[in-house]
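1. missing the sequence, but the structure's below:
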């Protein structure tokens, strides 16, 4: 179960739908390739959101912004 959902919708439309259905969002990110990447706090919320947005889901690979990808932690070289 993934908490990530990629949809063809605006940030405002997603926020409104999540508020209306009490879905808890962890992160929202506009995609370079178009659409929005939504990360839910709970995988069950993500599954329900997929059902709600079934006509707007983006299948396959998407292009994310380099500024969001750069926020990931680098692997530690000193950890054993």
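-> Arrived safely. Here the structure is a predicted model, which is why all the values come from computation and not from measurement.
2. the bottom helix or strand of the protein by mean pLDDT?
-> helix 66-69 (a mean of 63; mean pLDDT, DSSP states H and E).
3. quick one, helices of the protein?
-> Under the criterion DSSP state H, the chain carries helices at the ranges 11-21, 43-52, 66-69.
4. what residue is smack in the middle of this protein?
-> Residue closest to the average C-alpha location in the chain (C-alpha atoms, centre = their mean): residue 38, at 1.9 Å.
5. list the contacts of stretch 36-55.
-> With contact meaning C-beta atoms under 8 Å, 6 or more residues apart in numbering, stretch 36-55 is reached by 1-11, 14, 17-18, 21, 23-31, 57, 62, 64. Every residue, glycine included, has its C-beta placed from N, CA and C.
6. ok, of those residues, which come out buried?
-> Among the contacts of stretch 36-55, those scoring as buried are 3, 5-7, 9, 14, 17-18, 23, 25, 29, 31, 62 (criterion: 16 or more other C-beta atoms under 10 Å).
7. dump those residues to CSV, plus distance to residue 52 and pLDDT.
-> CSV is the format used below for the buried ones among the contacts of stretch 36-55 (distance: C-beta to C-beta, whole Å; pLDDT from 0 to 100):
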residue, distance to residue 52, pLDDT
3, 15, 93
5, 10, 94
6, 14, 95
7, 10, 95
9, 11, 94
14, 10, 94
17, 6, 95
18, 9, 94
23, 8, 95
25, 13, 94
29, 19, 89
31, 19, 90
62, 19, 83
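8. right, I'll leave it there.
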